[in-house]
Every structure is written in C-alpha cells, then in structure tokens.
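Novice: Task: produce atomic coordinates for the following.
(one chain, ligands or ions: 1)
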Amino acid sequence: MSGNTSQLQVGDKTVDMAIKEGSVGPAVIDIAKLYAQTGMFTYDPGFTSTASCESQITYIDGDKGVLLYRGYPIEQLAEHGDFLETCYLLLEGELPTAAQKADFDYRITRHTMVHEQMARFFQGFRRDAHPMAVMVASIGAMSAFYHDSTDISDPHQRMIASMRMIAKVPTLAAMAYKYTIGQPFVYPLNSLDYTSNFLRMCFAVPAEEYKVNPVLSRALDRIFILHADHEQNASTSTVRLAGSSGANPFACIAAGTACLWGPAHGGANEAALKMLEEIGSVDNIPKYIAKAKDKNDPFRLMGFGHRVYKNYDPRAKIMQKTTHEVLNELGIKDDPLLDVAVELERIALSDEYFIEKKLYPNIDFYSGITLKAMGFPTSMFTVLFAVARTVGWIAQWKEMIEDPSQKIGRPRQLYTGSAQRDYPPIGRR
Ligand code: CMC
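Specialist: Numbers count the residues shown, from 1 in each chain. So this is what the prediction gives:
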C-alpha cells in the first residue's frame, strides 16, 4: 500500500487501485477497473469484505458496538426523539426544526389511509396466511394503486411515494393482523400520533372504546427507532439492487420485505421467542447451549450473533431496558420467558465458545418478549420490523436514485459448471 493507492500483483502485472477514505470507519480499495486491467473478478460470497455503495445515512462500528443515524448515536435518538423525527432525519439528513417536524408529522398522518380497494385485495388470502406473506403481497400491490408517485426521475413524486410508504405500511400491517384473527379492519385516526394510531389499528374493536397506553406506545415507538435503519444489510441491499434497475418504488420495498422475512434476518425475533418457549425453563438451558456449540447440530441460539456487531448490539441494551419498562407497566412480575432469557444471556456471555466467536445478544433477543407482552402474536414480530425498516429502505433507495453515478447492480460469478458441450438427442442421455 502506498499513499492513497494500493497495489495488487496479478501474475506479472502490477495494478494500482485507489484507496477511498470515508468520514469515519474503514477505507475501501476501489477495484472497479480490476476486471478491465486483469481479466479477473474479486470473489467475496456473503460480501464479508465488500462495500457495495457509498452512503451518508447510517454508520456502524461493530467492534465498539456503535450505531449512528446521520451521525447521531442511537441511544440519544431513542431517549429523546420519536420515530417520525428519526424518519425525517434518515430521509433528509438533518433533524427537523419544530416547524419542519409539525409539517412532516401532518403530511404522514394525512397519508395513512389505504385505497379502499385494498380491503378487497386482502379478502383473497387464506385467514391462516403468515402476515409477512400478506405484507410482501400488499406492499407490492401498492405499485398497482399509486401511479401518480412512481416516476422516480421526479423528486416530488419520489417524496410522495416515500411519504405514502411510511404512512401506509403500518396500516397494511394492522390489516394483515386483523385479517388473520378475523376482526374488522380499523381505519387510522388522525388525532393520534403515528405509533398510538398503529396500536389502535391493531388492537381496537368497534364494540368498545380503545384507550392507548402511553407507556406501551412510547416503548413501541422506541422499538421502531431502533429498527429504522442498519446500513447495507440483506434487505436494504435487496431494495437497492431492485431499485437499481429503475423499478417501481413500492415493488422495491416489497422485495426488501421478502428478504427481511428470513430467520437469519428479521425473522430472528420470531425465531428467538419460539426458542425461549422451547427451552421452557432455566434447567434446560445447558442442553441448548451444548446443542448450539455442537458442530453437527444445525441449532443456533437465535438472537445471538451478528455479521457486523462483534460486541454487544447497542440496540439490544436499549431493548433490554424497554422490555423491563413494558413488563412493569403491564404488571408482569414473573415471566418465565424473561427468566430463561436473562439466564441464557448470562451463561452465553460467560461461555468460552460465545466469547471466542464474539457472539453477543442482538436486538431480536429481547424484542420478542416485549412485543409478546404488548399482545402481538409471534407471527407479527417481523411485520413490526418491516414497519420500522420501511423508512431505512426508502432513505437508502432515495440516496441511490439521487446519486449521479448510479447504475444497475450486476454482480459477476466464479463459474464452476460444465464447459461448452453438445446437445445430445433424448435417446442418448
Ligand atoms: N449460535 C451458535 N453459534 C453461532 C451463532 C449462534 N447464534 N451465530 C454464529 N455462530 C457461530 C457459527 O457456527 C460459526 O462458527 P464456526 O466459525 O465454528 O463455523 C461462527 O459463529 C460465525 O458464524 P457465521 O454464520 O459465519 O456468521 P455470519 O456473520 O454469517 O452470521 C448471523 C451472522 C446473524 C446470521 C448468525 O450469527 C446467526 O445465525 N444468528 C442467529 C440468528 C439471528 O439472531 N439473527 C438476527 C441478526 S440481528 C437482526 C437482523 O439483522 O435482522
């Protein structure tokens, strides 16, 4: 490495590659011309050493356990701000003034209703469909409804599409929940704040008055802040890749939602709670720890480990506090799942296997207990993650579209299949 370039020796060729510095965090080696100069690609399955883009939105220092949105620590945003303020920050790059916040909140609130035809669309699903399946489809279906905000080259239309998604995804999420339990859809109520409105759409029934519990609303709002963005994770990279072809923005967010569903990503909160239920009691923990450490057993401790955090996930710390606040508020003194979680965390953090591999609890470890206490079934956990992450996906999509050097994402491969061969007639195979 010399100055701000690095050199790579390939056969008898020396290739100079520029080193690009970020504002904080690791620099990158610019390999864009490597193929043209050497005829070789780089190979990095799972992208463990690859920066796929330049971004100014979210910064993670996985070794120190730091998460910043536009430079602001997640702890400060979760403590002092609200979710819509975080949305504004992620989209616009700066915290809003009081007037900007009032205007943004007003505009999001006025977009919360979905087209009435959407209700008919829901009727096509089986009642026992997983709500994430319904989310993938209904978010995708929005691309068939809002034609006046899909010209991605028009900044105004991009802004309206962004607002519609932040405003309408919670409405679709609540509808997905109501549909699976056979209750009528509850329309949004504009006098409520974003998260209180969401709780009401999920838990109110026409037969009685619904009173929002401010402690639960604040806790859920904080959960939304914690999940709002996480730089180039699998679902966000999916949104960027889908969007790089110029695809419809609602369809891009549906693609991100599909990716989030997997248990290695957003599906982990559902899987973590199921695991705690399966463990059942503190006595069974050693058996499960042994399973997690056994190379021949596919079992993993769900809610532990992270591709980027090799330290305590900063979101998990805030989540742990929020869990206790919610359980206190609801008067849940002895929750056996919480006992299992606390003991599992203690044992795992002192176990050589987990220490050596730097496997710490991640955000999903505690969020499931909190959401369950609030009354959400496990199948809704990933849906709530999708509600919160929608803004991150949009902010990243918007940043990509507005980047003048943007082009379609098109990775290459290391081909290990057959070389060219001749087609044999069917009788000779
Ligand atoms: N339990 C037991 N062993 C584990 C676990 C775990 N949860 N996570 C990783 N390991 C081991 C793994 O077996 C491997 O061991 P070895 O080096 O001996 O082969 C080593 O640790 C490294 O694991 P990896 O799979 O190469 O790491 P990764 O960066 O590809 O995977 C992960 C990250 C999050 C997919 C993984 O840690 C995992 O599957 N965790 C459980 C699922 C989970 O909680 N996911 C939520 C992530 S946070 C929310 C989100 O991003 O959506």
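
Novice: any idea how far the residue lying closest to residue 216 once chain neighbours are set aside lies from residue 387?
Specialist: The shortest distance from residue 216 to any non-neighbouring residue, by C-beta to C-beta, 6 or more residues apart in numbering, is to residue 374 (5.5 Å). Quick note: C-beta positions are derived from backbone N, CA and C, even for glycine. Going from residue 374 to residue 387 by C-beta to C-beta, to the nearest Å gives 14 Å.

Novice: what do you get for residue 59?
Specialist: 23 Å.

Novice: Can you tell me which residues in the stretch 301-429 of the chain are near the ligand?
Specialist: 301-307, 357, 359, 362-364 (C-beta under 6 Å from any ligand atom).

Novice: of these, buried ones?
Specialist: 301-306, 359, 362-364 (16 or more other C-beta atoms under 10 Å).

Novice: In the chain, spot the strand with the most residues.
Specialist: strand 13-20 (DSSP state E).

Novice: Residues touching the helix or strand just after that one, excluding its own?
Specialist: Sequence-wise, the next helix or strand downstream of strand 13-20 (DSSP states H and E) is strand 28-29. Contacts of strand 28-29 with the rest of the structure, by C-beta atoms under 8 Å, 6 or more residues apart in numbering, involve 6, 17-20, 22, 51.

Novice: Quick check: buried residues in the longest strand of the chain?
Specialist: Buried, per 16+ other C-beta under 10 Å, within strand 13-20: 15, 17.

Novice: what does it rub up against?
Specialist: 1, 4-9, 27-31, 33-34, 37-38.

Novice: Setting aside sequence neighbours, what's the nearest residue to whichever residue of the chain sits closest to the ligand?
Specialist: Using C-beta to the nearest ligand atom, the single residue of the chain nearest to the ligand is residue 305, 2.4 Å away. Using C-beta to C-beta, 6+ apart and skipping the chain neighbours, the partner closest in space to residue 305 is residue 359 (4.4 Å).

Novice: One more: residue 240?
Specialist: residue 400 (5.3 Å).

Novice: Got phi/psi on the one you found?
Specialist: Backbone torsions for residue 400, taken as degrees, to the nearest 10, come to phi -70, psi -50.

Novice: Would you mind confirming that it is in contact with residue 243?
Specialist: Yes: if you go by C-beta atoms under 8 Å, residue 400 and residue 243 touch, sitting 5.9 Å apart.

Novice: show me where the stretch 301-429 of the chain has helices.
Specialist: Taking DSSP state H, counting those that start in this stretch as the criterion, the stretch 301-429 of the chain contains helices spanning 314-329, 336-350, 352-356, 363-374, 381-401.

Novice: can you put those in TSV and add mean pLDDT and distance to residue 413?
Specialist: Converted to TSV, the helices of the stretch 301-429 of the chain look like this (pLDDT from 0 to 100; distance: least, C-beta to C-beta, whole Å):
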stretch	mean pLDDT	distance to residue 413
helix 314-329	91	34
helix 336-350	88	37
helix 352-356	93	33
helix 363-374	89	32
helix 381-401	97	23
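
Novice: looking at those, which is closest to residue 111?
Specialist: helix 381-401 (12.6 Å; C-beta to C-beta).

Novice: related to what we said a few turns ago, neighbour count for residue 59 and residue 387, which is higher?
Specialist: Neighbour totals were compared for residue 59 and residue 387, and residue 387 leads with 27 against 17 (other C-beta atoms under 10 Å).

Novice: Could you list the low-pLDDT ranges of the stretch 151-300 of the chain?
Specialist: Judged against pLDDT under 70, the stretch 151-300 of the chain has no low-scoring part.

Novice: so what's residue 352 up against?
Specialist: Applying C-beta under 8 Å, 6+ apart, no residues contact residue 352.

Novice: Check residue 201 too.
Specialist: Residue 201 touches 170-171, 174-175, 178, 185-188, counting by C-beta under 8 Å, 6+ apart.

Novice: host element of it?
Specialist: When elements are assigned from DSSP H and E, residue 201 belongs to helix 194-203.

Novice: Any idea how far that helix is from the middle of the chain?
Specialist: 20 Å (C-alpha atoms, centre = their mean, to the nearest Å).

Novice: Convert the C-alpha atoms of it to CSV, please.
Specialist: The C-alpha coordinates for helix 194-203 follow below in CSV (Å, rounded to 0.1, in the frame of the first residue of the first chain):
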residue,chain,number,x,y,z
TYR,A,194,-48.0,7.5,14.5
THR,A,195,-47.4,4.7,16.9
SER,A,196,-50.5,5.2,19.0
ASN,A,197,-52.5,5.1,15.8
PHE,A,198,-50.8,1.8,14.9
LEU,A,199,-51.6,0.2,18.3
ARG,A,200,-55.2,1.3,17.9
MET,A,201,-55.5,-0.1,14.4
CYS,A,202,-54.1,-3.4,15.7
PHE,A,203,-56.0,-3.7,19.0
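
Novice: Next, the angle helix 381-401 makes with that helix.
Specialist: Put simply, helix 194-203 runs at 140 degrees to helix 381-401, going by axes from the mean of the first three to the mean of the last three C-alpha atoms, to 10 degrees.

Novice: Helix or strand next in line after helix 194-203, which one?
Specialist: Assigned by DSSP H and E, the successor of helix 194-203 is helix 214-227.

Novice: Would you mind pulling up the elements that that following helix packs against?
Specialist: helix 74-80, helix 83-92, helix 194-203, helix 314-329, helix 363-374, helix 381-401 (3 or more C-beta pairs under 8 Å, 6 or more residues apart in numbering; DSSP states H and E).

Novice: What is the longest helix along the chain packed up against?
Specialist: Longest helix in the chain by number of residues (criterion: DSSP state H): helix 155-181. In terms of contacts (3+ C-beta pairs under 8 Å, 6+ apart), helix 155-181 is packed against helix 98-109, helix 117-123, helix 131-141, helix 194-203, helix 249-260, helix 381-401.

Novice: Next, the angle helix 214-227 makes with the longest one.
Specialist: Spelled out, that is helix 381-401. Using the same axes, to 10 degrees: helix 381-401 against helix 214-227 is 50 degrees.

Novice: Report pLDDT for the residue lying closest to residue 309 once chain neighbours are set aside.
Specialist: Among residues not flanking residue 309 along the chain, residue 62 sits closest, at 4.7 Å (C-beta to C-beta, 6+ apart). pLDDT recorded at residue 62 is 92.

Novice: which residues touch residue 62?
Specialist: Per C-beta under 8 Å, 6+ apart, neighbours of residue 62: 306, 308-311.
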